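Chemist: need a 3D model of the following:
(3 chains)
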Amino acid sequence: MKKSVILGAATVAGLAAGAAAAGTMDDVKARGKLNCGVTTGLVGFAAPDANGEWKGFDVAVCRAVAAAVLGDANAVEFVPTTGKTRFTALASGEVDMLARNTTWTFSRDVDLKFEFVGINYYDGQGFMVPKSLGVSSAKELDGATVCIQTGTTTELNLADFFRSNNISYEPVPIETNAEAQQQYLAGACDVYTTDASGLAATRATFENPGDHVLLPEIISKEPLGPLVRHGDNEWGDLVRWTLNALISAEELGITSANIDEMAAGTENPEINRLLGSEGTLGEMLGLDAEWAKRAIKAGGNYGEIFAQNIGEDTPIGLARGLNAQWTDGGLLYSPPFR
Amino acid sequence: MTTLTDPPKEQFRLSMLLYDTRYRSATIQVIALIGFMLLAAWLISNTMQNLEALGKPVEFGFFAEPASYDINQRLIEYTSRDTHLRAAFVGLLNTLVVAFLGCVTATILGVIIGVARLSHNWIVARIMTVYVEMFRNVPVLLWIVFIMAILIETLPAPRAFRGETPEASMMLGDSVAMTNRGVYIPEPLFSNSLGDVHLFGASSLRFDVSLDLMAILLVLGIGIWVSNWIKHRADRIQEQTGDRPVTWWQRTAVIVVPMAILLYLLGFHLGYPELKGFNFKGGTHLRNSLIALWLALSLYTAAFIAEIVRAGILAISKGQTEAAAALGLRPRKIMRLVILPQALRVIIPPLISNYLNLTKNSSLAIAVGYMDITGTLGGITMNQTGRELECVLLLMLVYLSISLIISAIMNWYNESVKLKER
Amino acid sequence: MSDIGFVRTEMLPEQDPPASEVGIIGWMRHNLFDGWFNSALTLLSIYFVYKVLAALVPWILSPTWDAGSLAECREVLGALGREGHYAGACWGVINERWIQLIFGFYPAELYWRPIAAFVLLGVALAPVLFSDKVPSKLLIFTILYPFIFPWLLWGGTIWGPISVVLGFVVGWLVYSAVDKAVSNLALVYSAVDKAVSNLVGIIAGAVAALIWWLILSGYFVGAMDSIAAIGIEPVESRKFGGFMLSITIGVVAIACSLPLGIVLALGRQSDLMIVKYLSVGFIEFIRGVPLITLLFVASTLLNIFMPPGTDFDIILRVLIMVTLFASAYMAEVIRGGLAALPRGQYEGADSLGLNYWQSQRLIIMPQALKISIPGIVSTFIGVFKDTTLVSIIGLLDPLGLSNAIRADANWNGIVWELYGFIALLFFVFCFSMSRYSMYLERKLHTGHR
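Modeler: Numbering: from 1, shown residues only, chains lettered A, B, ... in the order given. Modelled structure (predicted):
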């Protein structure tokens, strides 16, 4: 593709004349990089380390997709987005996909014209309070000061919850998790509310995590998942089935350790289809046969990614809970690879 | 001898539009106008096409939908069931409040610091220089988050006020509580309140005007007018007889006495904040976010105003000071009667632009969660409805109107104090 | 009559002034303890300074430079018996992240490029800023620098910037050729005068340059690249962050807004009503809205305004909006410079028979720009400080990075160290700029007396 040098600086600054509407897959391949929208920083889910390398649970999804499409888990440009800028970044084509703990809601799906390709984390909005407050239920929070992150569904859920229970509260809107944590720890708010995963992650970094409790009420359903633009089904399919491949891999017992062995061929036809030694699933997606193998190899299967970034052995220490496989009583249920 | 003849009448030719200086300016203007309109048309058609593709036609209907979020600081009644338009209105009032408070404090601080920088006291002048340089050379956004962090980290939480031997206690006879959630101060209450006037019925722009406040303002206004009249009379008597009658007690009395009577009739008393449940209840709650923003904006702008004041004072020639000193005026009187009135003329125009800057900078409220119009209309509403175009354009329009109104008022004031040159 | 009189015949030996009037004591009496009010102020100030230092110095002096996380800092301080929230600063975070705060995510092996770009920026600015000390031949470098700067930062093939420069050359060549041709015509047709040939030449030159940039340069770059692929590794603007991003935005915005600002200022002063009102409208609109709303436009709307399918990256969009923002302020600064020129300069230019553009180019602008330099520098300081606002739309400038760093599990809970470090760097930069601007103001001031 020949780019005209419109005013020089425009080109050097990377004026990518890409059509936003269709052919995201071709764009990504032509570019050789996947542009993936992530948060500006949330412990365990996405944050840059000292070398500028992004790490986290959401980041791993981006890397898996990049590995599937481009064959290189590092061929990802991470675009930090705020709660405010994320949807425009995706709608305008600045990012190819958004993996930024975004709740799947009707209006985002239908009105804002996005396509949620699946759910990588089942979450719900919870409350964290200091133990010393002696509160055991969110219904006892009448008159409390509540820290919330703006630009999310949490502030709407919160307003609805307190209104329906006919109790009053004082909202303190905050831009980022780091600031919310600072205010909460200093006692500038009694309660911190956000997704339960975020609460657990935040609590884990406290000096004395034991001094704080999560209240039993989960006041909303927050299915978090990657999303793409409406209307580009090939690309949507690819992201959806990459995520499903990670989930299925765990169900089928494929790990980053045994994947090479399994890719050689096994007795289980579904594993063979997934890893490309049988059938033409990759071709149907517009990729080669080994796409899923690369995606899984990038960071391991769903369980490995979970354990590595937010699982019980990490400082964040989240239990699998709803995010266990359906066979273990969780909600993760990948459609079959057939 | 030659006879005068009219110069040959030139036939108008098309080429004269370009060649003839009489017409060329018109040509250039028409070209500029056409170019501008083409640009505008191009932008609008692009926007239309893009919005079409996104399936988001421009429409403002969402303003009538319930906002569904709560706002902590609301000067008018608001619940999460009210409309987005009302949320924007609440935000607008919050913007105006912080801008007004900021302008007043910044001016006071700025004048004090500007004068102190010229002080003969070496250490005071140095401290003020350090202050000015420190605030001028660090971004205001950094100051806002910095001051917010200081408020949160250094002041005690409300729970520190609890218990038998509390770690913190209220100040000024248990009337003011400084907590890291903000400052609680006593609020004025009226037991024989005159009630409110409800304006604009049930629309989104409805608001209540307190008749008590109106009555107080009215009495105050009349008092000041009478007091001024007494002053003018004293001036007249002084001009006629050379003796100035002592009027200060009359002038104070006509303001204070009616006010005291009115407050008594209204049953004025203070409502003190009390620790109840999680928070202090009662009293007026100045939230952290308001204080941080107010403080940061006024300290930052005060540094600029101090420089303007200093420059204004230095601009008055030394002869003025010396002449005033020769008349036997004391230094403080020289400043008040001779220097400042003249310096004011130099000071006011840049002061206006600093007020405008402060108002515009108040949009950084978003960094500390102060729900101004950027936080409501340009923040949560934009985010929840996904109507970026409408929200951002409206937001710009609001700020533009505020700016134009402020500069109109200040320019009018500037005209009125300007040196009348005859 | 006794003629007893006492007239001293020789001078008394000079006495030292009383000890209370000279030396440190005298100075203190005059400057610190001059009356009760001043004495009280002095004591109060000393107490205040002592309080501030007593709180800050122990906090700053904290041996935590090598700590790898906040918890380690607490251990180090705990071992020293310093417990509590304000026991001491945790400098480990600065040690680990200062490079990131300065360069963002720019590839580490390419750090020389931004450094070179900013050092060369100093070289390029020297002939303008220190015109009395630096040979003016360096001005050629100054003119070429706007093309070198983006190339160094963003990388890519060298033919890109060269082809942009060639566009100007093409435009100039066409202009002189057309100008000459039309002038020759003028000898034949008397209706065509000098000004017209000039105008036609400018239009033809501009069209030629546009054709070159929009159509031909793409082929030129492609062709030259296939012949001799000279270039440096391209770096995407997403990698920009930290102070490098702030400085880049500031420098690009000011450089691009200078020509725009000149045009707007001239437009505002112009006698042509429509041109004037368009300029006034633009300037007042931009100055009437906060920068943050313009950044919202950059982050959410600018792509909607462009033809479908265009996709700038966010930093370019921010650059565009900040440039528009700066140009309105620049226009006002230059208008101030124009207004400060004595009327005689305009009249003198007219009396020499210069036309509008000639008088602007040769007489007015060189002087007006020179007296505007302090204003331009303060506009730059303002824009540079305002670049922190981009953190609100999710770019990782120093302030945005501080949030990202605080999201790292190791440094979760750090506040003052990062803010302090960022504030210090901004202070050093802005303070030296403002000092320079004051020096210049003084220099220019004396020059006019």
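
Chemist: and chain A, what are its domains?
Modeler: A:24-120+A:225-328, A:130-221 (the TED database).

Chemist: ok, which of those domains comes nearest B:Asp243?
Modeler: Closest approach to B:Asp243 among the domains of chain A (C-beta to C-beta): domain A:130-221, 60.7 Å. Where you see a C-beta, it was placed from the backbone N, CA and C, and this is true even at glycine.

Chemist: pLDDT (mean, whole number) over the closest one?
Modeler: On average, the pLDDT along domain A:130-221 is 86.

Chemist: quick one: low-confidence parts of the chain?
Modeler: Using chain A here. A:1-22, A:151 (pLDDT under 70).

Chemist: um, chain C though
Modeler: Within chain C, the ranges that satisfy pLDDT under 70 run C:1-3, C:84-86, C:186-199, C:311, C:445-449.

Chemist: the longest helix belonging to it vs chain A: in contact?
Modeler: Across chain C, the longest stretch assigned as helix under DSSP state H is helix C:416-447. No: between helix C:416-447 and chain A, judged by C-beta under 8 Å from any C-beta of the partner chain, nothing touches; the nearest distance is 10.1 Å.

Chemist: that helix close to chain B?
Modeler: Yes: with C-beta under 8 Å from any C-beta as the criterion, chain B is reached by helix C:416-447 at C:Trp416, C:Tyr419, C:Ile422, C:Ala423, C:Phe426, C:Phe427, C:Phe429, C:Cys430, C:Phe431, C:Ser434.

Chemist: tell me how far that helix lies from the chain's centre.
Modeler: 11 Å (C-alpha atoms, centre = their mean, to the nearest Å).

Chemist: same deal with stretch C:278-286?
Modeler: Relative to its parent chain, stretch C:278-286 has a centroid offset of 22 Å by C-alpha atoms, centre = their mean.

Chemist: what residues sit buried inside it?
Modeler: Within stretch C:278-286, the residues scored as buried using 16 or more other C-beta atoms under 10 Å in any protein chain shown are C:Leu278, C:Ser279, C:Phe282, C:Ile283, C:Glu284, C:Ile286.

Chemist: so which of those residues reach chain B?
Modeler: Under the cut-off given by C-beta under 8 Å from any C-beta, chain B has C:Leu278, C:Glu284 from the buried residues of stretch C:278-286 close to it.

Chemist: check the buried residues of stretch C:278-286 and tell me the two furthest apart.
Modeler: Every pair of those checked by C-beta to C-beta; the farthest is C:Leu278 and C:Ile286, at 12.8 Å.

Chemist: just to revisit the earlier point, between the residues of helix C:416-447 next to chain B, which is nearest C:Val251?
Modeler: Taking the residues of helix C:416-447 next to chain B together and measuring to C:Val251 by C-beta to C-beta, the closest member is C:Phe429, at 11.8 Å.

Chemist: the closest one reaches C:Thr387, doesn't it?
Modeler: No: between C:Phe429 and C:Thr387 there is no contact under C-beta atoms under 8 Å: 11.2 Å.

Chemist: now stretch A:114-125: buried residues?
Modeler: A:Phe114, A:Glu115, A:Phe116, A:Val117, A:Gly118, A:Ile119, A:Asn120, A:Tyr121, A:Tyr122, A:Asp123, A:Gly124, A:Gln125.

Chemist: show me the contacts for the residue of the stretch 101-250 of chain B found nearest chain A.
Modeler: As assessed by C-beta to the nearest C-beta, chain A sits closest to B:Ala157 within the stretch 101-250 of chain B, at 2.8 Å. With contact set as C-beta atoms under 8 Å, 6 or more residues apart in numbering or on different chains, B:Ala157 has these partners: A:Ala186, A:Gly187, A:Ala188, B:Thr179, B:Asn180, B:Arg181.

Chemist: by neighbours, which of those wins?
Modeler: Most neighbours among the contacts of B:Ala157, by other C-beta atoms under 10 Å in any protein chain shown: B:Arg181, with 29 neighbours.

Chemist: that one and A:Leu285, how far apart?
Modeler: 53 Å (C-beta to C-beta, to the nearest Å).

Chemist: A:Asp232 too?
Modeler: Applying C-beta to C-beta to A:Asp232 and A:Leu285 gives a distance of 13 Å.

Chemist: same deal with B:Leu211?
Modeler: 71 Å.

Chemist: looking at the two, which one has more neighbours?
Modeler: A:Leu285 (19 against 16).

Chemist: list the contacts of the more buried one.
Modeler: A:Glu234, A:Asp237, A:Leu238, A:Trp241, A:Trp291.

Chemist: so A:Ala47 sits in a strand?
Modeler: Yes: membership of A:Ala47 in a strand is supported by DSSP: H, G, I helix; E, B strand; the rest coil.

Chemist: tally of neighbours for it?
Modeler: There are 26 residues near A:Ala47, going by other C-beta under 10 Å.

Chemist: so what's it bridging to?
Modeler: A:Lys55 (DSSP bridges).

Chemist: surely it meets A:Gly56?
Modeler: Yes: between A:Ala47 and A:Gly56 there is a contact under C-beta under 8 Å: 6.0 Å.

Chemist: so what sits against both of these two?
Modeler: If you check A:Ala47 and A:Gly56 against C-beta under 8 Å, 6+ apart, no residue is contacted by both.

Chemist: hang on, C:Ile262 packs against C:Ile334?
Modeler: Yes: if you go by C-beta under 8 Å, C:Ile262 and C:Ile334 touch, sitting 5.8 Å apart.

Chemist: closest to chain C among the contacts of B:Ala157?
Modeler: For the contacts of B:Ala157, the minimum distance to chain C (C-beta to the nearest C-beta) is 9.1 Å, reached by A:Ala186.

Chemist: quick one: pLDDT of the spatially closest residue to the closest one that is not a sequence neighbour?
Modeler: Excluding the flanking residues, the one nearest A:Ala186 by C-beta to C-beta, 6 or more residues apart in numbering or on different chains is B:Ile152, at 4.6 Å. The per-residue pLDDT reported for B:Ile152 equals 88.

Chemist: cool, the one 4 residues further on as well?
Modeler: Confidence per residue is given as pLDDT, and for B:Pro156 that number is 86.

Chemist: helix, strand or coil for it?
Modeler: Assigned by three-state DSSP, the conformation of B:Pro156 is coil.

Chemist: equivalent analysis for A:Tyr122, please.
Modeler: strand.

Chemist: roughly how far does it sit from A:Gln325?
Modeler: 12 Å.

Chemist: now do the contacts for the spatially most central residue of chain C.
Modeler: For chain C, the residue nearest the mean C-alpha position is C:Phe380 (3.3 Å; C-alpha atoms, centre = their mean). Applying C-beta under 8 Å, 6+ apart to C:Phe380 gives the contacts C:Gly250, C:Ile254, C:Met433.

Chemist: which one of these is nearest chain A?
Modeler: Closest to chain A, out of all of the contacts of C:Phe380 and judged by C-beta to the nearest C-beta, is C:Ile254, at 14.1 Å.

Chemist: about what we covered before: contact partners for the residue nearest to A:Ala186?
Modeler: Taking C-beta under 8 Å, 6+ apart, we find B:Ile152 in contact with A:Gln182, A:Gln183, A:Ala186, A:Ala188, B:Asn180, B:Asn288.

Chemist: and the angle for the helix or strand encompassing it with helix C:416-447?
Modeler: Using DSSP states H and E, B:Ile152 sits in helix B:140-154. Inter-element angle recorded for helix B:140-154 and helix C:416-447: 140 degrees (by axes from the mean of the first three to the mean of the last three C-alpha atoms, to 10 degrees).

Chemist: buried residues in helix B:140-154?
Modeler: B:140-153.

Chemist: for stretch B:385-402, same thing?
Modeler: Buried residues in stretch B:385-402 (16+ other C-beta under 10 Å): B:385-392, B:394-396, B:398-400, B:402.
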